[in-house]
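S.K.: Need coordinates for the below:
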Amino acid sequence: MDGVETYWVWLIVGLTLAMLEMVVPGVYLIWLAMAALGIAVLAFISAPPLALQIVAWVSLSLIFAFSAKRWLRDRPIVSSDPLLNNRAGRLVGETALVTQAIADGEGRVKVGDSEWIARGADAEAGTRVRITGSRGAELLVEPVALLADDSATED
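M.R.: This is a model prediction of the structure:
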């Protein structure tokens with residue numbers, strides 16, 4: 001690069017990648033940015049040939065990315081609300097009203113202002129059921145009366 005010090009190029013590339021990390025979802029550009037900034041420091045101190053700088057940038061990017069992946073795998077980020085994006089999971093334990101009879105294990109229930117496909121024991125329309133789980137967009141239900149009978153026999 002005639003007339004341009006390569007450390008300036010690496011510095012601009014690193015800062016651009018760091019800014020893009022704020023715009024693009026995911027955590028991958030930051031590792032490329034850190035590697036570019038590291039190569040900018042290396043180019044400022046010793047000015048190795050451009051080919052060596054590129055090889056060092058690719059290597060450092062891979063090292064940073066795989067190290068971060070391993071570090072995050074060993075120390076997962078714990079959410080204060082793990083069911084934040086799991087709407088069906090948030091409904092577990094709630095009661096619902098059967099709107100379309102559950103026959104042969106499938107029907108529809110109303111929870112709040114929305115209807116869901118339900119799977120569970122056969123139940124007539126108008127029956128109250130408790131949501132015990134979910135499988136994709138389907139709710140797993142069982143009649144409330146069965147739960148009351150089971151708890152009475154345990155006492």
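S.K.: Show me what the helix or strand hosting residue 45 packs onto, helices and strands only.
M.R.: Per DSSP states H and E, residue 45 falls inside helix 29-46. Applying 3 or more CB pairs under 8 Å, 6 or more residues apart in numbering; DSSP states H and E, we find helix 29-46 packed against helix 6-23, helix 50-74. The way it works is simple: take the backbone N, C-alpha and C, and place the C-beta from them, glycine included.
S.K.: between it and helix 50-74, how many degrees?
M.R.: Put simply, helix 29-46 runs at 140 degrees to helix 50-74, going by axes from the mean of the first three to the mean of the last three CA atoms, to 10 degrees.
S.K.: Please put the alpha-carbon coordinates of helix 29-46 into PDB.
M.R.: Taking C-alpha atoms only, helix 29-46 is exported to PDB below (Å, rounded to 0.1, in the frame of the first residue of the first chain):
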ATOM      1  CA  LEU A  29     -18.000  -9.100  14.200                       C
ATOM      2  CA  ILE A  30     -16.500  -8.000  17.500                       C
ATOM      3  CA  TRP A  31     -14.000 -10.800  17.300                       C
ATOM      4  CA  LEU A  32     -12.900  -9.800  13.800                       C
ATOM      5  CA  ALA A  33     -12.700  -6.200  15.000                       C
ATOM      6  CA  MET A  34     -10.500  -7.100  18.000                       C
ATOM      7  CA  ALA A  35      -8.200  -9.000  15.700                       C
ATOM      8  CA  ALA A  36      -8.000  -6.100  13.300                       C
ATOM      9  CA  LEU A  37      -7.200  -3.700  16.100                       C
ATOM     10  CA  GLY A  38      -4.500  -6.200  17.300                       C
ATOM     11  CA  ILE A  39      -3.000  -6.300  13.900                       C
ATOM     12  CA  ALA A  40      -3.100  -2.400  13.800                       C
ATOM     13  CA  VAL A  41      -0.900  -2.400  16.900                       C
ATOM     14  CA  LEU A  42       1.400  -5.100  15.400                       C
ATOM     15  CA  ALA A  43       1.700  -3.100  12.200                       C
ATOM     16  CA  PHE A  44       2.500   0.100  14.100                       C
ATOM     17  CA  ILE A  45       5.200  -1.600  16.200                       C
ATOM     18  CA  SER A  46       7.000  -3.800  13.600                       C
END
